[in-house]
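Student: okay, here's the prediction I keep looking at, along with the sequence it came from:
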Amino acid sequence: MSVFSRFCITLLAVSLAGCGSSGAATAAATTARTAAAPYPSYNTNPAPADMTGMSHNAQQIAASIRIGWNIGNAMEAIGGETAWENPQVSNALIQAVKKAGFNAIRLPVSWDQYADQKTGQISAAWLNRVKQVVQYCVDNDMVVLVNVHWDGGWLERNVTPGKKDAVNAKQKAYWEQIATALRDFDEHVMFASANEPGAPNAPAATVLMSYHQTFVDAVRATGGRNAYRVLVVQGPDTDIDKTVKLMHTLPADKVPGRMMAEIHFYGPYNFVMMDKDESWGNQAYYWGAGNHSKTDTKHNPTFGEEAFVDAQFASLKRKFVDKGIPVVLGEFSAMRRKNLTGDALALHLKSRNDYHTHVVKAAVANGVLPFYWDVGVTDGIFDRKTSLVRDQATLDALMAGLAP
C-alpha cells in the first residue's frame with residue numbers, strides 16, 4: 001500500500017469519527033478524486049499551437065533519417081548518468097557520431113528515479129540536463145528521439161488491467177513535464193512513449209494502447225510546437241511478430257500524419273544474445289551465407305539467416321509502411337563473442353559484420369529506420385571518453401548496409 005493510500009484511509013477514519021454521515025461522504029469523495037488523479041496536473045502553462053519549424057510530417061522526417069545511433073547505458077542508467085561506467089554525454093561525442101555518418105540519435109532516458117514518488121514531480125535539474133543533451137543533438141543537425149526507457153519497469157512490467165489507472169496517471173504526469181521542458185525544440189526532436197512494453201497478448205495490447213493514448217494526449221495538450229511534434233509509439237514487446245499481429249491501430253491524434261511505430265530486433269536469439277549452450281539448443285557463433293564453420297559445426301546457425309531477416313522487415317512494410325506509417329527500428333545489435341580465438345573468432349567477427357550490414361540493408365529496403373544499440377564502455381563503436389572511433393569494423397558494416 002502506498003503512503004498516499006494510507007493517508008486517504010486515515011482521513012476517512014477521522015471524518016467518520018468526527019463528522020457523522022456528512023463527514024463520511026466528504027472523505028469518500030476525496031478518496032475517489034485522489035484515486036482517479038493521484039498527481040497534480042503539470043500542464044500548468046499550455047501554449048498556443050505553434051507550427052514554426054514543424055512543417056514536416058512523420059513520413060517526411062522518416063525520409064530524412066539515414067541511420068541512427070543509441071546513446072545506450074547513459075541517461076537511462078539506474079543510479080545516475082555515469083552509474084553504468086560511461087562518462088557524461090558530451091557535445092564532442094555527438095559531433096563524432098555525426099562525423100561517422102549517423103544523422104539521428106535515440107536518447108534512452110530514465111525519469112522515475114528523479115521524480116518525487118508522492119507528487120510525480122521530476123527534478124528540475126534532471127529535466128535541464130536532458131534538455132542540454134537534446135540541444136547538443138539539435139545543434140549538430142541530428143534528429144533526436146527522446147523516450148521513457150525501462151525506467152525501473154513502472155510501465156513496462158505493468159501492462160495489465162489492474163495497473164492501468166496507476167500507470168496512466170504517472171504517464172500523464174511525466175509526459176506533461178517532459179513535453180513542457182522540451183516544447184521549444186523544433187521538428188528535430190521526437191518523443192517516444194515507452195521502450196519495450198511487455199504486452200504478450202491482445203488484452204495487454206489494449207492496455208498498452210491506453211498508455212500510448214495518454215502519452216499523445218498529454219504531449220498535445222502542452223501546446224506550442226508539441227501540437228505538431230512527431231510522436232512514436234511502441235508495438236507489444238517491440239517484437240515484430242507481436243506488433244504485426246496485435247497492433248491494428250495507432251492512438252487517436254488531433255493532427256494527422258505525425259506518428260510513427262517502433263519495434264526492436266534481436267533475432268535470431270541464439271546468434272544475437274544467447275551466451276551459453278542449453279539442452280534445447282546451442283549458441284550460434286556464426287551467421288550468414290558462406291559463414292558456416294567446417295570445424296565448429298555445433299555452433300553453426302540452424303535458422304534465422306538472411307531470408308528470415310528479410311521476411312521480418314517485409315512484414316512491417318506490409319502492415320505499416322505501405323499504409324503511410326513510418327517504422328522505427330529502435331534497437332538492434334549482435335553480441336561480440338569473447339570466448340573465441342583464431343579462425344573461429346575471425347569467422348564470428350565476419351558473421352557479426354555481415355549480420356549488421358544485412359539488417360540495415362533489409363530495414364532500409366522496407367522503409368524501416370535503423371538505430372544501432374550501443375552500450376559504450378569497452379564494447380561501443382566510440383570511446384566515449386575521447387569521442388574517437390574505437391570499433392571501425394562495426395561502423396563500416398553498418399554503413400555498408402546503406403550502400404545501393
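Tutor: Received the coordinates, thanks.

Student: so who does H356 touch?
Tutor: Neighbour list for H356: F332, S333, A334, Y372, T394, A397, L398, G401 [criterion: CB atoms under 8 Å, 6 or more residues apart in numbering]. Backbone N, C-alpha and C define where each C-beta goes, glycine included.

Student: so how far is A115 from it?
Tutor: Applying CB to CB, to the nearest Å, the value for H356 to A115 is 36 Å.

Student: also V189?
Tutor: According to CB to CB, V189 stands 21 Å off from A115.

Student: next: D237.
Tutor: Applying CB to CB to D237 and A115 gives a distance of 25 Å.

Student: same check on P38?
Tutor: 13 Å.

Student: with R390 instead?
Tutor: 35 Å.

Student: the more surrounded of these two?
Tutor: A115 (21 against 15; other CB atoms under 10 Å).

Student: for that one, name its beta-bridge partners.
Tutor: Counting by DSSP bridges, A115 is bridged to I122.

Student: list the buried residues in stretch 146-160.
Tutor: V146, N147, V148, H149, W150, D151, W154, L155, E156, N158, V159 (16 or more other CB atoms under 10 Å).

Student: end to end on it, go ahead and measure it.
Tutor: 25 Å (CA to CA, to the nearest Å).

Student: the residue nearest in space to the middle of the chain sits in which helix or strand?
Tutor: Residue closest to the mean C-alpha point of the chain, counted by CA atoms, centre = their mean, is N195 at 3.4 Å. Per DSSP states H and E: N195 is located in neither a helix nor a strand.

Student: residue contacts, the residue nearest to it when sequence neighbours are not counted?
Tutor: Distance criterion CB to CB, 6 or more residues apart in numbering; nearest residue to N195, sequence neighbours excluded, is H149 at 4.6 Å. Counting by CB under 8 Å, 6+ apart, H149 makes contact with E76, P108, V109, S110, N195.

Student: can you give me phi and psi for H149?
Tutor: H149 adopts backbone torsions of phi -80, psi -150, taken as degrees, to the nearest 10.

Student: show me where the stretch 301-404 of the chain has helices.
Tutor: Using DSSP state H, counting those that start in this stretch, the helices assigned to the stretch 301-404 of the chain run over residues 306-319, 342-365, 392-400.

Student: so what secondary structure elements neighbour the first one?
Tutor: In terms of contacts (3 or more CB pairs under 8 Å, 6 or more residues apart in numbering; DSSP states H and E), helix 306-319 is packed against helix 240-246, helix 342-365, strand 368-372.

Student: looking at those, which is closest to N291?
Tutor: Among these, the nearest to N291 by CB to CB is helix 342-365 (4.4 Å).

Student: got the buried residues for that closest one?
Tutor: 344, 347-364.

Student: export stretch 39-59 as PDB, just CAs?
Tutor: Provided in PDB are the C-alpha atoms of stretch 39-59 (Å, rounded to 0.1, in the frame of the first residue of the first chain):
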ATOM      1  CA  TYR A  39      -0.800  13.600  -9.100                       C
ATOM      2  CA  PRO A  40      -1.400  17.200  -9.800                       C
ATOM      3  CA  SER A  41      -1.600  18.500 -13.300                       C
ATOM      4  CA  TYR A  42       1.800  19.600 -14.600                       C
ATOM      5  CA  ASN A  43       0.400  21.200 -17.800                       C
ATOM      6  CA  THR A  44       0.300  24.500 -15.900                       C
ATOM      7  CA  ASN A  45       1.100  26.800 -18.800                       C
ATOM      8  CA  PRO A  46      -0.200  25.400 -22.100                       C
ATOM      9  CA  ALA A  47       0.900  27.400 -25.100                       C
ATOM     10  CA  PRO A  48      -0.900  28.300 -28.300                       C
ATOM     11  CA  ALA A  49      -0.200  25.800 -31.100                       C
ATOM     12  CA  ASP A  50       2.900  26.900 -33.000                       C
ATOM     13  CA  MET A  51       3.900  25.300 -36.300                       C
ATOM     14  CA  THR A  52       7.200  27.300 -36.600                       C
ATOM     15  CA  GLY A  53       9.900  24.800 -37.500                       C
ATOM     16  CA  MET A  54       7.400  22.000 -37.600                       C
ATOM     17  CA  SER A  55       6.400  21.800 -41.300                       C
ATOM     18  CA  HIS A  56       7.400  18.200 -42.000                       C
ATOM     19  CA  ASN A  57       5.200  15.200 -41.100                       C
ATOM     20  CA  ALA A  58       6.300  11.800 -40.000                       C
ATOM     21  CA  GLN A  59       6.800  10.400 -43.500                       C
END
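
Student: mind listing what's buried in that stretch?
Tutor: Y39, Y42, N43, P46, D50, M54, H56, N57, A58, Q59.

Student: quickly check these for the two that are furthest apart.
Tutor: Greatest spatial distance among these (CB to CB): Y39 and Q59, at 35.0 Å.

Student: show me where pLDDT drops low in the protein?
Tutor: Residue ranges of the chain with pLDDT under 70: 1-37.

Student: quick one, strands of it?
Tutor: Here the chain has its strands, by DSSP state E, at 68-70, 104-107, 143-147, 189-192, 231-234, 259-265, 327-332, 368-372, 382-383, 388-389.

Student: in CSV, list these along with distance to A289.
Tutor: Compiled in CSV, those are given as follows (distance: least, CB to CB, whole Å):
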stretch, distance to A289
strand 68-70, 27
strand 104-107, 30
strand 143-147, 33
strand 189-192, 35
strand 231-234, 32
strand 259-265, 19
strand 327-332, 19
strand 368-372, 21
strand 382-383, 30
strand 388-389, 28
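
Student: so which of those comes closest to E305?
Tutor: strand 259-265 (14.0 Å).

Student: give me the angle between that closest one and helix 342-365.
Tutor: 160 degrees (axes from the mean of the first three to the mean of the last three CA atoms, to 10 degrees).

Student: partner strands of strand 259-265, with direction?
Tutor: strand 231-234 (parallel), strand 327-332 (parallel).

Student: list the buried ones in the shortest one?
Tutor: If I follow you right, that is strand 231-234. L231, V232, V233, Q234.

Student: list the contacts of the last one.
Tutor: Put plainly, it is Q234. By CB under 8 Å, 6+ apart, the contact set of Q234 is A192, S193, A194, N195, E196, P197, L208, H212, A261, E262, I263, G330.
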